[in-house]
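Peer 1: The following comprises the amino acid sequence and a computationally predicted model.
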Amino acid sequence: RNFFIKNIQMGFPPHYFVSPPDASLICAICRDVLEDPQTVRCGHSFCKECLFQCMDHRRREHERNTLSNSPPPPLPCPMCRESGGDCFPSLAVRDIINGLWVSCMNNLEESSDEASSDRSSAGGDGSSVTGRRVRRRPNEDGAPQKCNWTGRLEDFSRHTEECGLKIISCDVPGCSGRCRRQDMREHQLSGPCITARLEANISAAVAAAGKLFDKKLKDAECKHKAEIKLAIERERSNAAGGSTHLYLSSFCRKWMERKPDPLFEFVVFRDDYTTYMTRLLIGVPGPKRTPWEGGLYPVLMQWSPDMRMAPPKCQLPAGFHHVHVYSSGTISISSLREEEGWHPEVTIPEIMFEIQQLLAHINPNSPAQAEAYNSYMCNRKEYERIAAATAHKYKPSNFLQLAKEAFTERERDPIPNIPTVHVDERNLYRGTKIPLPPEREPPEEPPLPNRNMDPLGNAPCVCSCCAWGSPSSWDSHHEMRFLWGIGG
């Protein structure tokens, strides 16, 4: 045979066929039974791979002899040397061969030259691969191992998927060993495979550690950028409006000098004078002529120490039954969210008025508490009954006691103490010899306007919030605006 013929790995060895195959089914190139037969112009058939390798060899010979890239002449038939041309699949011959009976081709017999070959070429289990002949390790009794399967050639591929003598590659990552399927477990317990597995595990651990390090480095970078951004915002906030303590101190001073008429019944408590102020305890009265009337509801307003321009966090007692109050007590109102309606120019009195009017004016399109929402939508009388019971519970005489129970004795996020210093106009005269002025008379509430809808577009409302906020967007002394925050 020529050199290029010796290296061809095509065709089925004839000795595996139960009956000797006809000579017309033998490939003249590899001397084996045709595999994927191709027929040339003269009618002779050859294995596809054999024929293509012959064509490739002829092309390389032509390029070497002519020193050009011109196409070589057609390959003559390897048998009759007749001028060749295109080849095409021989489907009829293929069907005949696929119907022949064969024994298992994983039974590889030892030839005399293979038996004398060096065992250094053997695999870890004593098997060696030499072309299509593989020397196999014998059984314990000395007889060579053999598979007794016989069947049609077309069924051999399915048998190969479960044959124990099939040479397969080890599936352990990093191991390049090959052995019989039935010996694979023994191979995977051998030293080379264990070493390959350890090396693969070490490589995977190093790669995972590298990814984890990269992730932590990226997280640290993002955190550092966020801290820088927060520091810049704090500087801008302080430059624009001063510190939180100065801002709240200024509010308390103005509140003692004169509280706005619409907020006459509100009460304010601050922290001790030796404490850096970041929060206020507000007593919000229920709007008149509503089920909430008669109650004084504790609202804890907290600001970030270094972010005076940010909106405060406003909380009612946990479990407060209202459509726009989360179960934790946090008030859900659009104007107190930075991404929606918040603006740094909104003052504390305006926030207080928004919270009061939110009690009586419900936005059903954006609830924060499922239980209260279902009660409001399905049984309005039951919702109003619960509101009246809540108003009875939060009577003004119980204000500080209920506020202490609500904010200092809760299980989640407990507060060490609550603001207890009453901010009142009479505190201005504490420690002085100036006589106290007479107590201020409650301001007269404006008359309700004649209209069909309230500012939120709901049914006609007669509450005190609508009475104060209807005539104008500012109070009579131009001290505060009447902002109508949308719950949600």
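Peer 2: Here it is on my side, so go on. Fair warning: this is a prediction, and the values are worked out from it, not measured in the lab.

Peer 1: Which strands or helices does the helix or strand harbouring residue 383 pack on?
Peer 2: Assigned by DSSP states H and E, residue 383 belongs to helix 380-393. Applying 3 or more CB pairs under 8 Å, 6 or more residues apart in numbering; DSSP states H and E, we find helix 380-393 packed against helix 370-378. The C-beta positions use only the backbone N, C-alpha and C, and glycine is treated the same way.

Peer 1: if you set the cut-off to 10 Å instead, what comes out?
Peer 2: Applying 3 or more CB pairs under 10 Å, 6 or more residues apart in numbering; DSSP states H and E, we find helix 380-393 packed against strand 296-302, helix 348-360, helix 370-378.

Peer 1: Name the next helix or strand downstream of the shortest one, please.
Peer 2: By that I understand strand 296-302. Sequence order places strand 313-315 as the next helix or strand after strand 296-302, per DSSP H and E.

Peer 1: Show me what that following strand is in contact with.
Peer 2: Contacts of strand 313-315 with the rest of the structure, by CB atoms under 10 Å, 6 or more residues apart in numbering, involve 279-280, 282, 284, 298-304, 325-326, 328-333, 336, 351-352, 354-355, 358, 406-407, 413, 415.

Peer 1: And that strand, how far out from the chain middle?
Peer 2: 30 Å (CA atoms, centre = their mean, to the nearest Å).

Peer 1: Tell me how many other residues crowd residue 261.
Peer 2: Residues within reach of residue 261, counting by other CB atoms under 10 Å, total 18.

Peer 1: which residue packs closest to it, ignoring adjacent ones?
Peer 2: Of all residues not flanking residue 261 in the chain, residue 443 sits nearest, at 3.9 Å (CB to CB, 6 or more residues apart in numbering).

Peer 1: my guess is residue 82 is in a helix, correct?
Peer 2: No: checked against DSSP: H, G, I helix; E, B strand; the rest coil, residue 82 lies outside a helix; its state is coil.

Peer 1: before we move on, the earlier item: in this structure the residue nearest to residue 261 contacts residue 468, no?
Peer 2: Yes: between residue 443 and residue 468 there is a contact at 9.4 Å, judged by CB atoms under 10 Å.

Peer 1: For these two, indicate the residue with more neighbours.
Peer 2: Between residue 443 and residue 468, counted using other CB under 10 Å, the more crowded position is residue 468 (23 against 16).

Peer 1: so how far is residue 444 from that one?
Peer 2: 11 Å (CB to CB, to the nearest Å).

Peer 1: which residues are common contacts for those two?
Peer 2: With CB under 10 Å, 6+ apart, residue 468 and residue 444 have common neighbours residue 261.

Peer 1: in the next helix or strand after the helix holding residue 383, what counts as buried?
Peer 2: Per DSSP H and E, the first helix or strand lying C-terminal to helix 380-393 is helix 399-408. Buried residues in helix 399-408, counted by 16 or more other CB atoms under 10 Å: 399-400, 402-404, 406-407.

Peer 1: again with stretch 336-352
Peer 2: Within stretch 336-352, the residues scored as buried using 16+ other CB under 10 Å are 336, 341-342, 346-352.

Peer 1: Please apply the same query to stretch 294-307.
Peer 2: Neighbour-count burial for stretch 294-307 [16+ other CB under 10 Å]: 294-301, 303-304, 306-307.

Peer 1: do stretch 263-273 as well
Peer 2: Neighbour counts over stretch 263-273 (16+ other CB under 10 Å) mark 263, 265-271 as buried.

Peer 1: Quick check: mean pLDDT of that stretch?
Peer 2: When pLDDT is averaged over stretch 263-273, the result is 87.

Peer 1: what about dumping the CA coordinates of that stretch to PDB?
Peer 2: Presented in PDB, the C-alpha positions along stretch 263-273 are these (Å, rounded to 0.1, in the frame of the first residue of the first chain):
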ATOM      1  CA  LEU A 263     -51.800  73.600  63.100                       C
ATOM      2  CA  PHE A 264     -53.000  75.100  66.400                       C
ATOM      3  CA  GLU A 265     -54.000  71.700  67.800                       C
ATOM      4  CA  PHE A 266     -50.800  70.000  66.800                       C
ATOM      5  CA  VAL A 267     -48.200  69.300  69.500                       C
ATOM      6  CA  VAL A 268     -44.400  69.000  69.000                       C
ATOM      7  CA  PHE A 269     -41.800  67.400  71.300                       C
ATOM      8  CA  ARG A 270     -38.100  67.600  70.800                       C
ATOM      9  CA  ASP A 271     -35.000  65.900  72.300                       C
ATOM     10  CA  ASP A 272     -33.200  67.200  75.300                       C
ATOM     11  CA  TYR A 273     -31.300  70.500  74.700                       C
END
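
Peer 1: So the nearest residue to residue 87 once chain neighbours are set aside versus residue 216, what's the distance?
Peer 2: Closest residue to residue 87 apart from its sequence neighbours, by CB to CB, 6+ apart: residue 38 at 4.4 Å. Distance, residue 38 to residue 216, by CB to CB: 60 Å.

Peer 1: ok, those two, which is more surrounded?
Peer 2: Applying other CB under 10 Å to residue 38 and residue 216 shows that residue 38 carries more neighbours, namely 22 against 10.

Peer 1: Run through the neighbouring helices and strands of the helix or strand harbouring that one.
Peer 2: If you go by DSSP H and E, residue 38 is part of strand 37-39. When contacts are defined as 3+ CB pairs under 10 Å, 6+ apart, strand 37-39 packs onto strand 45-47, helix 48-66, strand 88-89, helix 91-98.

Peer 1: Would you mind finding the most buried of these?
Peer 2: Comparing the helices and strands packed on strand 37-39 by mean neighbour count (mean count of other CB atoms under 10 Å), strand 45-47 ranks first with a mean of 25.

Peer 1: Give me the packing partners of it, helices and strands only.
Peer 2: strand 37-39, helix 48-66, helix 91-98.
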